[in-house]
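Q: need a 3D model of the following:
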Amino acid sequence: MLRKEYPDYPFDKEKFKEVIIKARGERSQAQYAADCALSYTTINKYSNCRLDTTPTIQLLKKMALATKEVSYEELLTAAGYDAEKYKNDRPVGTARKDLLYPVFLGMANSDMDWRIESKGYKDKEPFEIVIERSDVNKWFFVPVTKADITKEEIQDILMEQPSFTTGSKISFVTDNEEIFNRLKTIEFPLLAVSLSVVRVEGADIIDEVSLKTGISTDISIVNEDKIRPFDIA
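A: Predicted coordinates:
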């Protein structure tokens, strides 16, 4: 049978293995295979990097439906597909990839006064937080999943968004190490805004790097360890 979809990028067996292990969680390979309605042999071979063939979209859907630890988008990306192309084909009941969840946790565990200003993603508006700081009042978070994003595309985003006013901070959020490493080298020395790139993984903020612009700030959501004391256990 000829496959209907073809991968957009080379298949990385090691990367896909890592995602399968995460998706499986505490289950054995046999149990996860049964939950996916797939053969043990298929799961075992992909888990041990013994298959060079990119998994099909239908196989990825079955895997996504059998886990809450990994999103459909993560499986697509790990298998070499452009997740953006298949976002409208999401199986009902699969976990969603939420790059901003770690941002909420980071802000909640910080000692800053803040409030959410966004009304959602209507008209592709960036996620906005207002904080009580003299150097930065509005802080915007923009998820980035485009694997080959360029400096020109980032510049277009900054120029076309009217809410990015002088003195704002804009943070680009990604869980992809290659995207993170690409973005952290970008410089806009004439811009009157603060920029950073944030790398997340699951519910954790792994790193935040400030980009060179015309202004700077020390505000960050990384390495905040002040857990709020009020807790009902």
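Q: and the protein, what are its domain boundaries?
A: 13-89, 101-213 (automatic domain parsing).
Q: can you get me a residue count around residue 15?
A: Residue 15 has 14 neighbours, counted by other Cβ atoms under 10 Å. Every C-beta, even on glycine, is put in place using the N, C-alpha and C of the backbone.
Q: brain fart, residue 39
A: The local packing of residue 39 (other Cβ under 10 Å) involves 11 other residues.
Q: so who does the residue lying closest to it once chain neighbours are set aside touch?
A: The shortest distance from residue 39 to any non-neighbouring residue, by Cβ to Cβ, 6 or more residues apart in numbering, is to residue 33 (6.3 Å). With contact taken as Cβ atoms under 8 Å, 6 or more residues apart in numbering, residue 33 is in contact with 39, 40, 42, 43, 44.
Q: distance check, residue 51 against residue 28.
A: Remark: distance between residue 51 and residue 28 (Cβ to Cβ, to the nearest Å) = 19 Å.
Q: may I see the buried residues of the longest strand seen in the chain?
A: Criterion DSSP state E: the longest strand present in the chain is strand 204-213. Residues of strand 204-213 classed as buried under the neighbour-count rule (16 or more other Cβ atoms under 10 Å) are 205, 208, 209, 210, 211, 213.
Q: likewise for stretch 86-102?
A: Applying 16+ other Cβ under 10 Å to stretch 86-102 flags 86, 90, 94, 95, 97, 98, 99, 102 as buried.
Q: just the ones of these in strands?
A: The strands in this structure, assigned by DSSP E, contain none of these.
Q: returning to what we had before: in TSV: the contacts of residue 33, plus distance to residue 191, pLDDT and secondary structure.
A: Converted to TSV, the contacts of residue 33 look like this (distance: Cβ to Cβ, whole Å; pLDDT from 0 to 100; DSSP: H, G, I helix; E, B strand; the rest coil):
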residue	distance to residue 191	pLDDT	secondary structure
39	53	95	coil
40	54	95	helix
42	49	95	helix
43	48	96	helix
44	51	95	helix
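Q: any idea which of the residues you listed has the most stuff around it?
A: Once you tally neighbours by other Cβ under 10 Å, residue 43 ends up highest among the contacts of residue 33, having 24 neighbours.
Q: can you tell me the closest non-neighbouring residue to that residue?
A: Excluding its sequence neighbours, the residue lying closest to residue 43 (Cβ to Cβ, 6+ apart) is residue 33, at 4.1 Å.
Q: can you tell me what sits against stretch 83-92?
A: By Cβ under 8 Å, 6+ apart, the residues outside stretch 83-92 that reach it are 8, 57, 61, 64, 65, 72, 73, 76, 77, 97, 145, 146.
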